[in-house]
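Enquirer: requesting a structural model of the entry that follows:
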Amino acid sequence: MKPWEIIRIIIFSVIGAALMFLGQRLVYENQIIPIQKIPFDTWLGSDYITAALIMFGVSMLSTIIWCVLAATNRFTNGNSTGFWTLTWWLLGLLPMASIGFTVFYINRSDEAQFSLMGFFLLDAVWLYWLSTATSSPEAVKYIPPGAFFIRHKLMGD
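Expert: The predicted model follows:
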């Protein structure tokens with residue numbers, strides 16, 4: 001991987017962490033999305049932080065696994081495009097599964113389910129899809145959906 005690709009992943013990760021642990025937390029702290037049926041401080045300090053940590057960790061793990069696999073394996077010809085596409089999608093299922101796990105198992109507030117699903121879906125898009133679409137190693141840089149448009153048209157990569 002090129003140094004700039006690694007730097008982009010780090011930048012997206014830091015921004016994603018700030019959005020999750022500061023921005024989204026502020027939405028709940030300011031009661032923009034009210035949590036009233038259970039003790040709010042307990043929910044925010046326990047349920048939300050635990051769920052956000054799991055979501056962040058799984059999304060980052062998926063991104064790192066993708067980049068390590070893509071950087072260490074050979075993309076020999078067009079025949080392996082299907083394999084890499086399948087690999088990318090299967091790794092993308094991990095953040096999606098963690099959304100279900102965190103929202104329905106970790107979270108105890110039914111008031112927060114919809115908003116958590118929305119926030120965590122955006123987090124997965126930011127931390128996994130956008131990171132891989134902009135920063136995949138050269139041989140597989142166009143495998144993530146939309147990567148050609150982002151890298152070729154927007155970034156001039």
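Enquirer: can you pull out the helices in this structure?
Expert: Assigned by DSSP state H, the chain shows helices spanning 3-18, 25-29, 40-42, 49-72, 81-101, 113-124, 131-135, 147-148.
Enquirer: which one of those helices lies nearest to Leu154?
Expert: Leu154 sits nearest to helix 131-135 of all those, at 9.0 Å, using Cβ to Cβ. Quick note: C-beta positions are derived from backbone N, CA and C, even for glycine.
Enquirer: what about dumping the CA coordinates of that closest one to PDB?
Expert: The C-alpha coordinates for helix 131-135 follow below in PDB (Å, rounded to 0.1, in the frame of the first residue of the first chain):
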ATOM      1  CA  SER A 131     -12.100   4.000   3.600                       C
ATOM      2  CA  THR A 132     -11.800   1.000   1.200                       C
ATOM      3  CA  ALA A 133     -13.200   2.900  -1.800                       C
ATOM      4  CA  THR A 134     -10.600   5.700  -1.400                       C
ATOM      5  CA  SER A 135      -7.600   3.700  -0.100                       C
END
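Enquirer: in JSON lines, list the helices of the chain along with mean pLDDT, mean neighbour count and distance to Asp157.
Expert: Compiled in JSON lines, those are given as follows (pLDDT from 0 to 100; neighbours: other Cβ atoms under 10 Å; distance: least, Cβ to Cβ, whole Å):
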{"stretch": "helix 3-18", "mean pLDDT": "94", "mean neighbour count": "15", "distance to Asp157": "9"}
{"stretch": "helix 25-29", "mean pLDDT": "94", "mean neighbour count": "14", "distance to Asp157": "34"}
{"stretch": "helix 40-42", "mean pLDDT": "91", "mean neighbour count": "12", "distance to Asp157": "45"}
{"stretch": "helix 49-72", "mean pLDDT": "96", "mean neighbour count": "18", "distance to Asp157": "15"}
{"stretch": "helix 81-101", "mean pLDDT": "95", "mean neighbour count": "16", "distance to Asp157": "18"}
{"stretch": "helix 113-124", "mean pLDDT": "96", "mean neighbour count": "18", "distance to Asp157": "23"}
{"stretch": "helix 131-135", "mean pLDDT": "95", "mean neighbour count": "25", "distance to Asp157": "8"}
{"stretch": "helix 147-148", "mean pLDDT": "92", "mean neighbour count": "18", "distance to Asp157": "9"}
